[in-house]
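Q: Got a sequence here, can you build the structure:
(chains A, B, C and D)
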Amino acid sequence: MGMGEASRDRIAERAARELKDGMVVNLGIGIPTRVADFIPSGVRVVFHAENGILGAGPSPVPGEEDPFLCNAGGFPVTLAEGASYCDSAIAFAMIRRGCIDMTVLGALEVSQRGDLANWIVPGKRAAGIGGAMELAQKAKKVVAVMNHVNRDGEPKIRKRCALPLTARECVDLIITDMAVIAVTPEGLELREIMSPYTLEEVVSRTDAELRIPEPERIVYLP
Amino acid sequence: MGMGEASRDRIAERAARELKDGMVVNLGIGIPTRVADFIPSGVRVVFHAENGILGAGPSPVPGEEDPFLCNAGGFPVTLAEGASYCDSAIAFAMIRRGCIDMTVLGALEVSQRGDLANWIVPGKRAAGIGGAMELAQKAKKVVAVMNHVNRDGEPKIRKRCALPLTARECVDLIITDMAVIAVTPEGLELREIMSPYTLEEVVSRTDAELRIPEPERIVYLP
Amino acid sequence: MNKVRTLEEVLEWIEDGCALMYGGFGGIGTPPALVDGILKKGVKDLTLIGNDTGFPWIGIGRLVTEGRARKAITSHIGSNPNAGRQMEEGTLAVEFHPQGTLAEKIRAGGVGLGGILVDVGVGTMLEEGKGKVEIDGRTYLIEPALTADVAIVHASQADPFGNLVYDKSGRNFNPLVAMAGRLTIAEADEIVPLGSLDPERIVTPGIFVDAVIPGKGVNWIWAWEKQAATGSRNAPHGN
Amino acid sequence: MNKVRTLEEVLEWIEDGCALMYGGFGGIGTPPALVDGILKKGVKDLTLIGNDTGFPWIGIGRLVTEGRARKAITSHIGSNPNAGRQMEEGTLAVEFHPQGTLAEKIRAGGVGLGGILVDVGVGTMLEEGKGKVEIDGRTYLIEPALTADVAIVHASQADPFGNLVYDKSGRNFNPLVAMAGRLTIAEADEIVPLGSLDPERIVTPGIFVDAVIPGKGVNWIWAWEKQAATGSRNAPHGN
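A: Residues are numbered from 1 along each chain as shown, chains lettered A, B, ... in the order given. Below you'll find the predicted structure:
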């Protein structure tokens, strides 16, 4: 999407601030994976991976990789204390039963009621669904991370998604390179604006109704 | 049913002769349990138990019982070499997938096409179903063992079962205190007669068509 | 993340009229201290969900014997005559399922499915009142998933996160039940420090468990001991 | 009862046009010697059933790359561009399922159920052409069970009866796939004598396994090694 490294890291860093101590968390592939690099100090979370790890630990020291210990993205990990292995059916049981406190997922579009589209663009090559549908539909808190507009400059936050949905009314928080927007029962609510963007820019590049709080309540992120 | 110990043991002994080397076998409660006491020498079978043992071994020496190692009937067992534990869902996966080569089940009635009734008598107290339905419907070979007539002297082998069925067209072999009868695509076929009964007695106490082989092909069991 | 609790604390979760699911098979693997606590607390009008109703004085059977259940969803009650008597008297409603179907219904609830399709029981009275689906010319019964307000299980070892390891055939329904409770309580004969269980040997990941209480070991005589004591025939499944 | 076979013997079971199910997740846990053998035997027109289509030169991906599959029932093909290209060209039919639904469809086949009921995907295009059932006011999709002519899995250890133990996250789909094959072949890095596996640690009971062949270990570089070698960013899931 032509997003720079710095911008991707800023989104990941912001998403990481949603992590609370003791949470069980699943991170999607792409920007979400980077969230693990920005966990606030003092916060301990349990990482869940769809391939059957509850309690994945940090990356191993180079040369110490175990070919049979990888995360769902295929990258080598270690094991945290108290971790366990299971088959993929049980890994998804954890998701479907609502045991995942938070997930961070990439997005193609998010609607103003929180519908998520992130797996297929009709006419284009589809990578597949993976675990996105279960995570979007069942995690207690869904954070969608993406560029605010697509490569044609069109808003990705829309009244209704044009693309096929991954799940309906599932997203709780949207974090883009321009803003942080909460999905509330009353609709989208602007919370934070990322430097160097202005309120007007965020509003004009969002194709949905956006509740704007009192000016003094908008947080401007550096 | 007023059947004597000797008669029960004779049925169990005859059922045991159906065991072939290498079979995976599940024995029901009652007479079927006794089959384990009569395994022909040289025959090694793998015992399956619904509570999650594949490869249950013989009874332990008295005093050596492990309170957490019991068969589906609640009696203490040991473990054979190569055995494994699993949960009850997987124990029944083995049954439903047709991995059980043979089962021996008690019966209330068997019809001439092999329907089995063995779990409920309307109006009487029911013990429940247990694993009987899965075993009857899915084991490769189903041996039904019972008294030839009920306590009122009425035949338990019938054209049609009067009692609610456990499973349809599932029984392969019927072993009673009077006879051994095979269920074939052509109907019931008398194979063996137990001493001291006569052919006429067996026929008169069977309420179903019974194919009688040439007299010289009937085996008379002592 | 420390889920170790006292018996008294977890008993507050178990209220009159709740649906209580339990592990165990013929009493073996049913958590004795928890059953004892529920009995002493005086909980009543329970809907019990589990493989069988134990023996009169073993496992979940004690709750049945004392008249604490109004319904049992189970596969077998034969080893507990009190269940049969109460069923006849109309004080205990009993819903029978084939054992393997019951196991999968509980697992389906535990893994967040709506239900399963089974062909066991097709062509029998178990069809009555059940939805049916045809797939590739075969008929299946629609069996909805089962969950419960509280699930109680027995483990040989647990760590403070709730990771569980079972003991031999004491495993039976326990790993299924552990996933199917809105609240799941594990009674463990031994509570070990976090990190001391082999991650490859953990059967129930702690994420499914809400509380761990220390067990006091097996506190009754088993059915077979009683039978052995009274001279009845021992019935081995062995070769 | 000795199920140990040679690669050549089991390859006779895998024929053109068969449905081949495989364990593994991104190639990790897909049996390398079996894939190699299938490739060399020249088997074609396969229907592949498994979590993903691996990487172009890792796991089941090699069969896809060489054009040996005409259909894939899977959840993800993103790591193997050859699958995407063949899908566009119309030479590979791809049936996508949500990963957790796929896992349970395979398990359902493995445990002898007709199918499962899931609410994942309700309200999306995945509903199209699928049967629906309503239970307690909620809508579920009817997802038929999946089985295959042959299932191939990777185990770290096996005994001659076919009891299997897996290695860390190499477990993934393997225990599910092991139950769902009409014939199941396990490739084990180590074959140990009967009785030497801990009965509590066996994940797949040998009853589901028809043949065990000796593996030759991991014979390729993993996706991350390639990326590390080319200087791409490593992407840990860690804290």
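
Q: and the longest helix for chain C?
A: Longest helix of chain C, by residue count under DSSP state H: helix C:99-110.

Q: burial measure for whichever residue of chain C sits closest to chain A, as a count.
A: In chain C, the residue that lies nearest chain A is C:Gly112 (2.6 Å; C-beta to the nearest C-beta). For glycine as for every other residue, the C-beta is placed from the backbone atoms N, C-alpha and C. By other C-beta atoms under 10 Å in any protein chain shown, the residues close to C:Gly112 number 25.

Q: Wait, it touches A:Arg97, no?
A: Yes - counting by C-beta atoms under 8 Å, C:Gly112 touches A:Arg97, with 4.6 Å between them.

Q: what residues are shared contacts of those two?
A: Overlap of the contact sets of C:Gly112 and A:Arg97 (by C-beta atoms under 8 Å, 6 or more residues apart in numbering or on different chains) consists of A:Lys138.

Q: which helix of chain A spans the most residues?
A: When chain A is parsed with DSSP H, its longest helix is helix A:5-16.

Q: can the helix or strand following that helix be found next to chain D?
A: Downstream of helix A:5-16, the first helix or strand assigned by DSSP states H and E is strand A:24-27. Yes - taking C-beta under 8 Å from any C-beta of the partner chain as the criterion, strand A:24-27 and chain D are in contact, through A:Leu27.

Q: partners of strand A:24-27, with directions?
A: Strand pairing for strand A:24-27, determined by DSSP bridges: strand A:46-49 (parallel), strand A:102-106 (parallel).

Q: can you redo those as CSV with mean neighbour count?
A: Formatted as CSV, these follow (neighbours: other C-beta atoms under 10 Å in any protein chain shown):
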stretch, mean neighbour count
strand A:46-49, 25
strand A:102-106, 25
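
Q: can you put the ones you listed in JSON lines and add mean pLDDT?
A: JSON lines is the format used below for these (pLDDT from 0 to 100):
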{"stretch": "strand A:46-49", "mean pLDDT": "97"}
{"stretch": "strand A:102-106", "mean pLDDT": "98"}
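
Q: Just the pLDDT for C:Arg233.
A: pLDDT recorded at C:Arg233 is 37.

Q: what's the answer for C:Gly217, then?
A: For C:Gly217, the pLDDT comes out at 84.

Q: swap in C:Gly110?
A: 98.

Q: Please tell me I have it right and it contacts A:Ile90.
A: No - using C-beta under 8 Å, C:Gly110 is not in contact with A:Ile90; the gap is 9.3 Å.

Q: Compare the two (neighbour count), which wins?
A: Between C:Gly110 and A:Ile90, counting by other C-beta under 10 Å, C:Gly110 is the more crowded of the two (29 against 26).

Q: OK, contacts around the more buried one?
A: A:Ala93, A:Arg97, C:Thr147, C:Leu176, C:Val177, C:Ala178, C:Met179, C:Ala180, C:Phe208.

Q: Can you give me the end-to-end span of stretch A:31-39?
A: End-to-end distance of stretch A:31-39 (C-alpha to C-alpha, to the nearest Å): 14 Å.

Q: Going by neighbour count, list what's buried in that stretch.
A: Going by neighbour count (16 or more other C-beta atoms under 10 Å in any protein chain shown), the buried part of stretch A:31-39 is A:Ile31, A:Pro32, A:Thr33, A:Arg34, A:Val35, A:Ala36, A:Asp37, A:Phe38, A:Ile39.

Q: quick one: which of the residues you listed is nearest to chain C?
A: Using C-beta to the nearest C-beta, A:Ile39 comes nearest to chain C of the buried residues of stretch A:31-39, at 15.6 Å.

Q: Can you classify A:Glu216 by secondary structure?
A: When classified by DSSP: H, G, I helix; E, B strand; the rest coil, A:Glu216 comes out as helix.

Q: What separation is there between it and A:Ile181?
A: Distance of A:Glu216 to A:Ile181, computed by C-beta to C-beta, to the nearest Å: 18 Å.

Q: Tell me the secondary structure at the closest residue in space to C:Gly100 that isn't next to it in sequence.
A: Excluding the flanking residues, the one nearest C:Gly100 by C-beta to C-beta, 6 or more residues apart in numbering or on different chains is B:Phe92, at 3.0 Å. Judged by three-state DSSP, the three-state class of B:Phe92 is helix.

Q: Go ahead and confirm C:Val150 touches C:Ala186.
A: No - using C-beta under 8 Å, C:Val150 is not in contact with C:Ala186; the gap is 11.7 Å.

Q: These two: who's more crowded?
A: Applying other C-beta under 10 Å to C:Val150 and C:Ala186 shows that C:Ala186 carries more neighbours, namely 30 against 24.

Q: which element is that one on?
A: Using DSSP H and E, the element containing C:Ala186 is strand C:181-191.

Q: can you list contacts of that strand?
A: Identification of contacts with strand C:181-191 by C-beta under 8 Å, 6+ apart yields C:4, C:10, C:13, C:21, C:31-34, C:147-160, C:162, C:164, C:167, C:177-178, C:204, C:208-215, C:217.

Q: what's whichever residue of chain A sits closest to chain C in contact with, if anything?
A: Distance from chain C to each residue of chain A (C-beta to the nearest C-beta) is smallest for A:Arg96, at 2.6 Å. By C-beta under 8 Å, 6+ apart, the residues touching A:Arg96 are A:Glu134, A:Lys138, C:Val111, C:Gly112, C:Leu113, D:Gly100, D:Val120.

Q: Export these to JSON lines and append columns for secondary structure and distance to C:Asn51.
A: Shown next, in JSON lines, are these (DSSP: H, G, I helix; E, B strand; the rest coil; distance: C-beta to C-beta, whole Å):
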{"residue": "A:Glu134", "secondary structure": "helix", "distance to C:Asn51": "29"}
{"residue": "A:Lys138", "secondary structure": "helix", "distance to C:Asn51": "28"}
{"residue": "C:Val111", "secondary structure": "coil", "distance to C:Asn51": "18"}
{"residue": "C:Gly112", "secondary structure": "coil", "distance to C:Asn51": "22"}
{"residue": "C:Leu113", "secondary structure": "coil", "distance to C:Asn51": "20"}
{"residue": "D:Gly100", "secondary structure": "helix", "distance to C:Asn51": "27"}
{"residue": "D:Val120", "secondary structure": "coil", "distance to C:Asn51": "29"}
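
Q: Which one of the residues you listed is nearest to chain B?
A: C:Val111 (10.3 Å).
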